Structure formats: structure tokens, C-alpha cells
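Q: attaching a predicted model along with its sequence, questions to come.
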Amino acid sequence: MNTLPLPTELIIIIAEYLEPTFCLNFALASSESWRVCKYLLQNHTLRFKKCGDLDITTVSLRQKLRELISDPRKGWYYQRLVIPKLSTFWDEPHDEDCSLFHAEFDRIEIMYSRVRAQRTWLKLQNEGIRAHPEDRSDQNPFVDPMITVLVHYLPYLKVLTSPDFSTEGALWAIMQSAVLAYSQANLSLAVQLPFQHLTTVVMTHEQHDQNVGIDPGWVLLLNRIPSVRQIAAEKMQWNFPLRNPGEDSSSIRLPESNVEEYFFVQSYLDPPTVQTILASPKSIKRFTFECNTLSLHLISIWRETIEILRERTGQTLEHLVLEVPTLSAAGSERLAETWIKSYTSVNRKRGTASKSSEFCTVSFRDFRVLKTLRTVWSILWTDLLESSTLASQLPDSLEVLDLEVHFFNEHEWKRLVIELDGLFHVLPKLQSIYAEDPRYGHQYCKCRTNELAEKPYTRIPGSNENPLMRLLRDSEVEAG
């Protein structure tokens, strides 16, 4: 017996216009609705697998946008968006498309005005595309507006990848308005906002642009997109005070941050910047930081960063990677020489009343749930405080330890091996240890049980093995 008030055929036609999430909710309402919608859900699953990525470096943005506007259902199934450098991207719409894009822009302007979000960027874009060609100040005023409209037609977007993370382009303006809109919108308007399912943002860096890094202000903005869980950035650099979006207005209550993983490679972030970035997330589980400097101050930067991580994430962090770029034996030797100069300088002052905080002992003991740790041995070096031991610096929760070593001489390696051998007797959950010295070619690998030892040893996923690095590299290939 059909308990629904309409014929089954008509219900199916109506259900075809429901977004996948709403279709699932309707299907779960009753056994009858499940029977009606079951094949639609199967079709949604197949189309999600088939569509996957939308790379506008390989398709006409104008044609794709016109296709999505004519049938919004086609935009449901794109889960990854790849955007090129917009300043070098050209795709001007034909005259017959302009009226269609104008209507879409007017609709978006009205939507954001209802949630009292900042609309200056929309007005400027709208004025640009409506102006006479001779009066346009922008070389290509159509690309930013088309990107603005496009993201509103990709409701199930999960991964956003682009090298164009400047603070003056369309993406910055869209994200900023979306954050403010999420903070003010009611439920009926929230369902119209973009980035509702966005979980991962990958900020790449163009290889030829060596002078300008990615502004970490982007991280503060992405922190406030409620659905975002992972943020990856390449060549992010900053050492000036940062401010969270909305700090100037006490009346704006920004959305809570749900980010769980940060992945920064070839980057330089000073400790105050890291502290600002970690101020809003409530449950960071994974943190990767590959520092792009080999200066005398690197150890100091990392030690301060570890202290900030302890304060902000000590109860939640499970995976921590602090690395330097991959070095040859010669590079490792130069790094060791740099650090020994720093240690020697501090060692001369050991008899003085004030001891440099730059080389104070680092402890991971307060990271209550840390399971995997990959770092350089120099952070844990305890020669300045003879009473300290490596075991006293590591948490009881640790399961896997991975060390990259840049030693001054082979005697230091022998001393480290003695320290590592004793860890299994002190740390109850420790399962395996790996250490490598590229300068002298030494390797240390030891497991608690024979069963683990017989298996091929897999190092802790550092920056190069992290899935987010694959997204960064794939983006570089596509851009090339």
C-alpha cells in the first residue's frame, strides 16, 4: 500500500530534483520512500564517482558555467575544484551569456544582502562586467565574477585547490563573505551558502614566483568555514602580527573552527603566527611543519612552536611532524655545523647565571594522546642538561618515534643508540623506533615484538608521504 499522497511515478520525478543529501533524508523517512528513492541514491553514488574533479584549466569556464546554470543538478557531483592563477586566465563570455551571468550576480547580491555580509566586492565585480569595454579598468573583469557564480553551483565541493590565494582576488572575497554569512545566517539561508561540504583546501605555490609566499591570513579565514577539516599550504611565509577575521567588530560571532589537520611545507611561520592560527580550532589532531630555513634560529622557532602546540593542542594532538627539507650528506653536514656553532655559543655561557632559553630542554610529556612523532634529533638534544634523558622528554602515549639526525661526529650516534635502546623499557605503548643519519649513513630500526620486526618497516608519514602532499604535487602537474 502506498502511504505517500502522490502516485509513485510523480514522486520519482519530484525526487530527481532533490539534492543528494535531501534525497537521502527523504528516503530514510519510511520504508515506502526508501523503495521509491533507492535507485536514485544508487544513481547519485555512480555520478559522484564519475564526475569527481572540475579542473577549469582544461575546460571553458564560460561554457561550464552556462551548463551548470541551465541544469544545476550537474553541479552536484563535482567534489574537487582546481582553479588556475586567475591573473593569467582569460575566458570572456559572449554577449548572449552576459545577461545570464548578470541575473545570477543579482541573485547572489540579494542573498548576501539578506545576511548583512560585506558586499563591496560583489558591487565592484558587477559594475566591472556591466561597464562598457572601453571603460573597464580590469584587463579581464569577467573571470572573478564567473568564479563567484561557479562556487555557488558546486554544493558538494569537498576539495579546493589553487595557486591563486592572494588577498585581492575572487576567492578571498568569496571566503570572507561566506564566513560572515555563516555567522549571521538563519537556517533557511544557510543552505544556500557555498562551501557547506568543503573539507580540504590545498594552497599551492607557483614555482616561478619565488619572492611572494602565501599569506597565512588565509588560514585564519579558512579556520572559520565550519566544514573545513584539513588545510595544506606550500611556501607560506609571514612574520608580522595577524588578526582573525571579524576582530574589529564585537557584534560578529564567527563560526567555530573544526579544523583537525594543518600541513605546512617549505614554509616559514614565526611562533606568534602559529599561536594566532591555533587560537580558534578546538581539536587539532595532526600538525606538519616543514620549515624552509636552516638558520641559527631554527631550533628556537621549533621549541617555541612546540610550547604553543602543547598549550593549544596538548589534549588532542595525535600526529606531529617537524622537519627540514630533504638534505644530501653535504647539506646535512652544513646543517650540523650551523647548529654546533649555536650550541657552542650557548655552551660558553653555561657558567653564567642566565641560561639561553633558545636551547632549553624540550618536553613532549604534556602531549597526552600523541601517538606518532617525527622530528629532528637536535630538538631533543640534551647535552646541555646532563640530568635529562630522552625518555623523560617523551609521552607515555607514544607508539612510533621517527628521528632525523644531523650529528657532529660518530660518537653522538653511539650515544643516541644507547638512549633509544632504553626507551622500550620506559614507554609502555612504544612499538617501533626509526632513526637515520644521512651524513654518516647510519640507520636504526627496532620494534618491540618480533612480529612487528618481520614486517617491512614503514616510516611515519612525513611531509612527502602525506596524502596532502600528493594533492599539492598533482596540482603543480595540472598547472604545468
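A: Yep, it's here.

Q: and the lowest mean pLDDT element among the helices and strands of the chain?
A: helix 120-130 (a mean of 46; mean pLDDT, DSSP states H and E).

Q: can you list the residue ranges for helices in the stretch 351-480 of the chain?
A: Ranges of helices within the stretch 351-480 of the chain are 377-380, 410-421, 450-454, 467-479, based on DSSP state H, counting those that start in this stretch.

Q: ranking those by mean pLDDT, which is last?
A: Here the helices of the stretch 351-480 of the chain differ in mean pLDDT, and the lowest is helix 450-454 at a mean of 60.

Q: domain assignment for this structure?
A: Following automatic domain parsing, the chain resolves into domains at 1-50, 328-463.

Q: might you list the low-confidence residue ranges for the stretch 301-450 of the chain?
A: 326-361, 381-388, 407-409, 450 (pLDDT under 70).

Q: which residue ranges form the strands in it?
A: 319-323, 372-376, 400-404, 432-437, 442-447 (DSSP state E, counting those that start in this stretch).

Q: continuing past the host helix or strand of Ile11, what's the next helix or strand?
A: Following DSSP states H and E, the helix or strand that holds Ile11 is helix 8-15. Next along the chain after helix 8-15, taking DSSP H and E as the criterion, comes helix 20-27.

Q: buried sites along that next one?
A: For helix 20-27, a neighbour-count test (16 or more other Cβ atoms under 10 Å) marks 20, 23, 26-27 as buried. C-beta here means a position set from N, CA and C on the backbone, and glycine is covered the same way.

Q: stretch 411-427 now?
A: Applying 16+ other Cβ under 10 Å to stretch 411-427 flags 412-413, 416, 420, 423-424, 427 as buried.

Q: before we move on, what about stretch 64-74?
A: 64-66, 68-69.

Q: and if you look at stretch 276-296?
A: Under 16+ other Cβ under 10 Å, the buried positions of stretch 276-296 are 276-278, 280-281, 284-292.

Q: what angle do helix 20-27 and the helix holding Ile11 make with each other?
A: 150 degrees (axes from the mean of the first three to the mean of the last three Cα atoms, to 10 degrees).

Q: hmm, back to that, of the buried residues of stretch 64-74, which is the nearest to Val149?
A: Ranked by distance to Val149 (Cβ to Cβ), these are led by Leu65 at 6.1 Å.

Q: SS state for that closest one?
A: Under DSSP: H, G, I helix; E, B strand; the rest coil, Leu65 falls in the helix class.

Q: my guess is it meets Thr148, correct?
A: No. Here Leu65 does not reach Thr148: they are 10.3 Å apart, not a contact under Cβ atoms under 8 Å.

Q: buried set for the helix or strand hosting Phe101?
A: According to DSSP H and E, Phe101 maps onto helix 95-114. For helix 95-114, a neighbour-count test (16+ other Cβ under 10 Å) marks 97, 101, 104-105, 108, 111-112 as buried.

Q: rewinding a little: which other helices and strands contact the helix holding Ile11?
A: Here helix 8-15 touches helix 31-51, going by 3 or more Cβ pairs under 8 Å, 6 or more residues apart in numbering; DSSP states H and E.

Q: other SSEs contacting the helix it packs on?
A: Counting contacts by 3+ Cβ pairs under 8 Å, 6+ apart, helix 31-51 is packed against helix 8-15, helix 20-27, strand 78-82.

Q: could I get the ones you listed as JSON lines with mean pLDDT?
A: Output for those, formatted as JSON lines (pLDDT from 0 to 100):
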{"stretch": "helix 8-15", "mean pLDDT": "85"}
{"stretch": "helix 20-27", "mean pLDDT": "88"}
{"stretch": "strand 78-82", "mean pLDDT": "91"}
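
Q: to Ser432, which of the ones you listed lies closest?
A: The nearest among those, by Cβ to Cβ, is strand 78-82 at 34.3 Å.

Q: outside of that closest one, which residues touch it?
A: 48, 51-57, 150-151, 154, 156-162, 475, 478 (Cβ atoms under 8 Å, 6 or more residues apart in numbering).

Q: if we use 7 Å, what do you get?
A: Residues from elsewhere that reach strand 78-82 (Cβ atoms under 7 Å, 6 or more residues apart in numbering): 48, 51-57, 154, 156-162, 475, 478.

Q: buried among the residues you listed? Need that as a selection in PyMOL.
A: Filtering the contacts of strand 78-82 down to the buried ones (16+ other Cβ under 10 Å) takes a single PyMOL command:
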select buried, resi 51+54+55+56+154+156+157+158+159+160+161+162+475
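
Q: following element in sequence after the least confident helix or strand of the chain, please.
A: helix 143-151.

Q: for that next one, packing partners?
A: helix 61-70, helix 95-114, helix 120-130, helix 170-184 (3 or more Cβ pairs under 7 Å, 6 or more residues apart in numbering; DSSP states H and E).

Q: partners of the next helix or strand along the chain from that helix in the sheet?
A: Per DSSP H and E, the first helix or strand lying C-terminal to helix 143-151 is strand 159-162. Sheet pairing of strand 159-162 (DSSP bridges) gives strand 78-82 (parallel), strand 200-203 (parallel).

Q: tabulate the ones you listed (TSV), appending distance to Gly213 and mean neighbour count.
A: Listed next are those as TSV, based on distance: least, Cβ to Cβ, whole Å; neighbours: other Cβ atoms under 10 Å:
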stretch	distance to Gly213	mean neighbour count
strand 78-82	21	21
strand 200-203	10	24
